[in-house]
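Visitor: sequence-free structure coming up:
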């Protein structure tokens with residue numbers, strides 16, 4: 001088999017041949033220039049209160065993810081265009097895409113001045129894979145020895161060779177394995193984590209470009225440059241304050257008055273028609289790897305995974321006029337979704353069998369709903385839960401009105417104050433409603449979303465969807481010998497999703513954002529996140 005070798009001189013070859021299948025919710029964007037870094041003023045960035053403790057194995061939402069991306073350095077990271085680049089790794093090699101040898105740079109340290117070693121990675125990965133309660137556990141499903149059902153310590157086939165070398169034995173070949181390693185779950189952990197994980201989650205110690213200074217819950221997370229970081233993402237500012245806002249409108253108002261430097265993830269719907277005029281050349285409009293949908297859990301009345309439930313899901317999907325909403329509510333800054341990935345991701349396919357369900361057809365919607373009523377008459381209100389701090393109310397109201405008008409049913413939104421509160425209800429399965437769903441890709445590959453959202457038991461499978469045929473196709477796609485073979489299997493898996501419709505595709509999101517007059521070198525990455533470390537600001 002052809003040797004797959006990734007080292008500092010070989011990243012370009014990898015990006016051309018393998019990156020079609022993966023990547024991570026990481027920033028990246030060159031070395032930022034300069035050696036010392038960390039000079040200048042403190043940059044303020046809109047963010048969300050993290051739902052979970054700041055531990056790589058348990059954080060899988062954007063509020064916590066943005067923090068972890070900047071306080072940890074993994075083996076690799078992603079540049080602005082999604083290309084993989086080395087961070088802590090010196091080389092990642094395999095003869096067969098199944099047994100991998102990883103060498104890390106000598107002399108790197110955590111912010112508590114303890115060394116980052118091969119054991120730091122191995123212990124972290126063993127921990128993440130050993131606890132079914134860890135929401136990112138599923139990332140290790142293709143590791144030899146993985147078990148999703150019970151706590152099994154040191155189950156993975158990982159071997160420490162020396163202080164800077166370890167090996168990974170996968171259960172099956174995986175050509176895109178190196179590129180996936182930029183996701184936060186693959187970060188190393190210091191020994192202090194294992195002494196007190198609970199305390200660590202409130203005050204994490206990382207090895208990245210920044211370190212945590214303070215966390216004022218529901219208010220601000222302050223990061224300061226980590227003087228011990230000597231990697232490619234050196235801070236070009238004096239620190240970052242990640243500020244929580246109750247509404248997107250409040251954040252945008254502060255941006256216009258230069259009381260907020262960077263808006264993230266984007267301008268609220270109420271400002272989409274004017275933000276380019278408001279901000280001028282500080283306005284950002286670019287594609288992003290963000291997919292949004294509507295999850296309808298099978299536990300809801302009338303929506304079980306049976307004939308009635310599938311008919312009702314199809315009816316609702318046909319009743320939603322995505323073109324109208326993306327044009328009117330989002331001012332053309334969203335694109336109607338026709339699959340479960342993103343046009344930004346290689347292999348995107350707009351001709352999948354079953355995707356016609358994403359095109360509005362009122363007559364077909366009414367007919368399907370009537371067929372479902374013949375099985376079991378509808379009663380009650382179709383409710384869509386959303387977080388108020390994300391600017392979702394306008395489109396939720398619009399979808400609710402479309403369902404009322406087309407299907408002659410009661411439909412309404414259910415507002416939660418912030419993303420963390422909504423996520424907690426979803427996590428606990430205490431929410432008796434459909435929910436808005438969004439996926440900001442963790443790395444630029446189809447497997448990321450197809451695995452995380454829909455595989456049985458995956459940490460972000462909010463609707464508890466389970467179909468053995470789907471699981472088999474996705475796993476075979478992830479371990480296929482070539483990118484092209486894998487994509488064919490992923491397409492087949494998506495066609496299973498269109499038959500079952502556990503989540504209705506809604507639209508693809510762009511990065512529509514901007515920044516204040518007092519910062520420079522602001523760039524948003526392929527995943528829509530601002531590349532924080534390269535932003536400059538005068539003191």
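Guide: Right, received. Where do you want to start? As the structure is a prediction and not an experimental result, all values here were calculated from the model. Numbers count the residues shown, from 1 in each chain.
Visitor: which stretches in the stretch 101-250 of the chain count as strands?
Guide: For the stretch 101-250 of the chain, the strands defined by DSSP state E, counting those that start in this stretch cover 158-162, 165-169, 210-216, 220-225, 239-244.
Visitor: tell me the most buried of these?
Guide: Stretch with highest mean neighbour count among the strands of the stretch 101-250 of the chain: strand 239-244 (a mean of 23; mean count of other Cβ atoms under 10 Å). Glycine gets a C-beta too; all of them are placed from N, C-alpha and C.
Visitor: who's in contact with the closest residue to residue 322 other than its chain neighbours?
Guide: Distances taken as Cβ to Cβ, 6 or more residues apart in numbering put residue 336 closest to residue 322, at 3.7 Å, once the chain neighbours are dropped. Residue 336 is in contact with 322-323, 326, 358, 506-508, counting by Cβ atoms under 8 Å, 6 or more residues apart in numbering.
Visitor: mind putting the strands of the stretch 101-250 of the chain in a markdown table, mean pLDDT and distance to residue 45 included?
Guide: Conversion of the strands of the stretch 101-250 of the chain to a markdown table gives the following (pLDDT from 0 to 100; distance: least, Cβ to Cβ, whole Å):
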| stretch | mean pLDDT | distance to residue 45 |
| --- | --- | --- |
| strand 158-162 | 98 | 35 |
| strand 165-169 | 98 | 34 |
| strand 210-216 | 98 | 12 |
| strand 220-225 | 98 | 10 |
| strand 239-244 | 97 | 5 |
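Visitor: what's the closest of those to residue 415?
Guide: With Cβ to Cβ as the measure, strand 239-244 is the member of the strands of the stretch 101-250 of the chain nearest residue 415 (16.9 Å).
Visitor: next, the angle from that closest one to strand 210-216.
Guide: 40 degrees (axes from the mean of the first three to the mean of the last three Cα atoms, to 10 degrees).
Visitor: each with direction, which strands does strand 239-244 pair with?
Guide: strand 42-47 (parallel), strand 220-225 (antiparallel) (DSSP bridges).
Visitor: can you name the residues in contact with that strand?
Guide: Counting by Cβ under 8 Å, 6+ apart, 38, 42-49, 63, 66-67, 70, 210, 213, 218-225, 251, 260, 389, 418, 532, 535 sit against strand 239-244.
Visitor: the residue nearest to residue 322 pairs with what?
Guide: Beta-bridge pairing of residue 336 under DSSP bridges involves residue 507.
Visitor: next, format the strands of the stretch 101-250 of the chain as a markdown table and append distance to residue 286.
Guide: Below are the strands of the stretch 101-250 of the chain laid out as a markdown table (distance: least, Cβ to Cβ, whole Å):
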| stretch | distance to residue 286 |
| --- | --- |
| strand 158-162 | 38 |
| strand 165-169 | 35 |
| strand 210-216 | 25 |
| strand 220-225 | 25 |
| strand 239-244 | 22 |
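Visitor: before we move on, back to that, of all the strands paired with strand 239-244, which lies closest to residue 430?
Guide: strand 42-47 (25.4 Å).
Visitor: what's the average pLDDT for the closest one?
Guide: The average pLDDT within strand 42-47 is 97.
Visitor: show me what the helix or strand that it is followed by is packed against.
Guide: Using DSSP states H and E, the helix or strand that follows strand 42-47 in sequence is helix 62-71. Applying 3 or more Cβ pairs under 8 Å, 6 or more residues apart in numbering; DSSP states H and E, one finds that helix 62-71 makes contact with strand 42-47, strand 210-216, strand 220-225, strand 239-244, helix 419-428.
Visitor: pLDDT weak spots in this protein?
Guide: 1-38, 150 (pLDDT under 70).
Visitor: for it, longest helix please?
Guide: helix 483-500 (DSSP state H).
Visitor: what residues sit buried inside it?
Guide: For helix 483-500, the buried set under the neighbour-count rule, 16 or more other Cβ atoms under 10 Å, comprises 483, 486-498, 500.
Visitor: nearest to residue 401, of these?
Guide: residue 498 (25.3 Å).
Visitor: spatially nearest residue to the closest one, not counting backbone neighbours?
Guide: Using Cβ to Cβ, 6+ apart, the nearest residue to residue 498 is residue 354, at 2.8 Å.
Visitor: got it, and residue 431?
Guide: Closest to residue 431 by Cβ to Cβ, 6+ apart is residue 425, at 4.3 Å.
Visitor: what do you get for residue 400?
Guide: Going by Cβ to Cβ, 6+ apart, residue 400 has residue 411 as its nearest residue, at 4.1 Å.
Visitor: that neighbour: how many residues sit nearby?
Guide: Neighbour count for residue 411, taken as other Cβ atoms under 10 Å: 22.
Visitor: would you confirm that it contacts residue 383?
Guide: Yes: counting by Cβ atoms under 8 Å, residue 411 does reach residue 383; the two are 7.5 Å apart.
Visitor: residues contacting the closest residue to residue 122 other than its chain neighbours?
Guide: Excluding the flanking residues, the one nearest residue 122 by Cβ to Cβ, 6+ apart is residue 158, at 4.7 Å. Under the criterion of Cβ under 8 Å, 6+ apart, the neighbours of residue 158 are 122, 125-126, 143, 166-169.
Visitor: tell me what residue 158 is bridged to.
Guide: In beta-bridge terms (that is, DSSP bridges), residue 158 pairs with residue 168.
Visitor: report how many residues lie close to residue 217.
Guide: Counted with other Cβ under 10 Å, residue 217 comes out at 11.
Visitor: contacts only, for it.
Guide: So residue 217 contacts residue 49 (Cβ under 8 Å, 6+ apart).
Visitor: try it again at 10 Å.
Guide: 49-50, 202, 244, 420 (Cβ atoms under 10 Å, 6 or more residues apart in numbering).
Visitor: wait, which of these is closest to residue 89?
Guide: When the contacts of residue 217 are compared against residue 89 (criterion: Cβ to Cβ), the nearest one is residue 50, at 26.7 Å.
Visitor: so the closest one sits against residue 66, correct?
Guide: Yes: applying Cβ atoms under 10 Å as the test, residue 50 and residue 66 come out as touching, 8.8 Å apart.
Visitor: what do the two both touch?
Guide: With Cβ under 10 Å, 6+ apart as the test, residue 50 and residue 66 both reach 59, 221, 242.
Visitor: so how far is residue 187 from the first one?
Guide: Counting by Cβ to Cβ, to the nearest Å, the gap from residue 59 to residue 187 is 10 Å.
Visitor: who has more neighbours out of those two?
Guide: residue 187 (28 against 25).
Visitor: and the host helix or strand of residue 316, what other elements does it pack with?
Guide: Element membership for residue 316 (DSSP H and E) is helix 307-319. Packing partners of helix 307-319 (3 or more Cβ pairs under 10 Å, 6 or more residues apart in numbering; DSSP states H and E): strand 283-295, helix 362-375, helix 393-407, helix 483-500, strand 503-514.
Visitor: what's the most buried one of those?
Guide: Taking mean count of other Cβ under 10 Å, strand 503-514 is the most buried of the helices and strands packed on helix 307-319, at a mean of 24.
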